[in-house]
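**Q** need a 3D model of the sequence below.
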Amino acid sequence: MSENNENIYNPGAKPKPQKKFFGLVGGLAGEILEWILWLGIAVALALFIRAHVFTLVHVSGESMEYTLENRDWLFVNKFMYSPDSANNRGDIVIFTPEHDRNPSRDVYIKRVIAVVGDTIYIDFTTGNVYLNDEVVDEPFIKDRTRAGGSFIEELTRAGEWSRETPLLIEEGYVFVMGDNRNNSTDSRALGPRPLDEVMGRAVFRLFGRLERQAPDRQ
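**A** Coordinates of the predicted model:
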């Protein structure tokens, strides 16, 4: 037989060293440590994606009917998103007001109505929303906007809420409302929201389209 045949038993040969994990541990212990390392990397990557790229958000409540319904799930894009231009009007966003940073509380889910530089006024008698002095076509709302809120009430008492003196959205803020206008806590009560509160934009709804058709309204 050839002397180079590696299968020949050689009692004087040195045993091959075991594969070591980073040169420290070999055998079963090394494999276990390697699995723990990869598991840690996977968890860290998942947490990073959830914090900075996208996440799943659970809809709790009826403030966005009929577009969204209670217990829907949303995929939310969080990557470099800021509703600071006219192109972002109509976006569905999630945010948590500064005064309500309770980890156990669900995030707010509302629609962007006005962005920086826009003026907005709501006629609660007719239910019309005026954006830059023009009535907004809102096929997505459940009913016309009849209800106000504490923020609007303060403006009204101060004589700063009328068709002639609409609210101007300042730099760094956005005005949001729920599609179920008469059952929603939004900018009418909270005021315009700072952009740094906005966590992301809803991209699509799990198990269905994001937009649902609202019924005809009288």
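**Q** report how many residues lie close to Trp38.
**A** A count of neighbours around Trp38, defined by other Cβ atoms under 10 Å, yields 10. Quick note: C-beta positions are derived from backbone N, CA and C, even for glycine.
**Q** mind showing which ranges of the protein have poor pLDDT?
**A** Per-residue confidence of the chain (counting by pLDDT under 70) places the weak regions at 1-26, 44-54, 100-105, 208-218.
**Q** what are the structural domain limits within it?
**A** With domains defined by automatic domain parsing, the chain comprises 20-51, 56-205.
**Q** and among those, the most buried is which?
**A** Among these, judged by mean count of other Cβ atoms under 10 Å, the one packed with the most neighbours on average is domain 56-205 (a mean of 17).
**Q** how long is that domain end to end?
**A** With Cα to Cα, to the nearest Å as the measure, domain 56-205 spans 9 Å from end to end.
**Q** what's the answer for stretch 130-147, then?
**A** Distance across stretch 130-147, first residue to last, is 15 Å (Cα to Cα).
**Q** same deal with stretch 96-116?
**A** 19 Å.
**Q** and it, how far from the chain's centre?
**A** The gap between where stretch 96-116 is centred and where its chain is centred comes out at 10 Å by Cα atoms, centre = their mean, to the nearest Å.
**Q** for His58, which non-adjacent residue is spatially closest?
**A** Nearest residue to His58 in three dimensions, chain neighbours excluded: Trp73, at 5.9 Å (Cβ to Cβ, 6 or more residues apart in numbering).
**Q** hmm, Thr55 and the one you found touching each other?
**A** No: applying Cβ atoms under 8 Å as the test, Trp73 and Thr55 come out as separate, 10.6 Å apart.
**Q** helix or strand for Ile152, which one?
**A** Taking DSSP states H and E as the criterion, Ile152 maps to helix 150-157.
**Q** A helix includes Ser162, no?
**A** No: counting by DSSP: H, G, I helix; E, B strand; the rest coil, Ser162 is not found in a helix; it is coil.
**Q** how close does it get to Tyr121?
**A** Using Cβ to Cβ, to the nearest Å, Ser162 is found at 7 Å from Tyr121.
**Q** now swap in Asn180 and tell me
**A** Look at Asn180 and Tyr121: by Cβ to Cβ, they are 21 Å apart.
**Q** likewise for Ile36?
**A** Taking Cβ to Cβ as the criterion, Ile36 is separated from Tyr121 by 59 Å.
**Q** so the residue nearest the centre of the chain, which state does it fall into?
**A** The chain has Gly200 as the residue nearest its centroid, 3.5 Å off, counting by Cα atoms, centre = their mean. The assignment at Gly200 comes out as strand when based on three-state DSSP.
**Q** would you confirm that it contacts Met80?
**A** No: the pair Gly200 / Met80 is not scored as a contact, 9.9 Å apart, by Cβ under 8 Å.
**Q** how far does the helix or strand where Ala189 lies sit from its chain's centre?
**A** Taking DSSP H and E as the criterion, Ala189 maps to helix 187-190. Between the centre of helix 187-190 and the centre of its host chain there is 19 Å, according to Cα atoms, centre = their mean.
**Q** what do you get for stretch 33-46?
**A** Relative to the centre of its chain, stretch 33-46 is centred 26 Å away, using Cα atoms, centre = their mean.
**Q** ok, now stretch 67-74?
**A** Distance, stretch centre to chain centre, for stretch 67-74: 13 Å (Cα atoms, centre = their mean).
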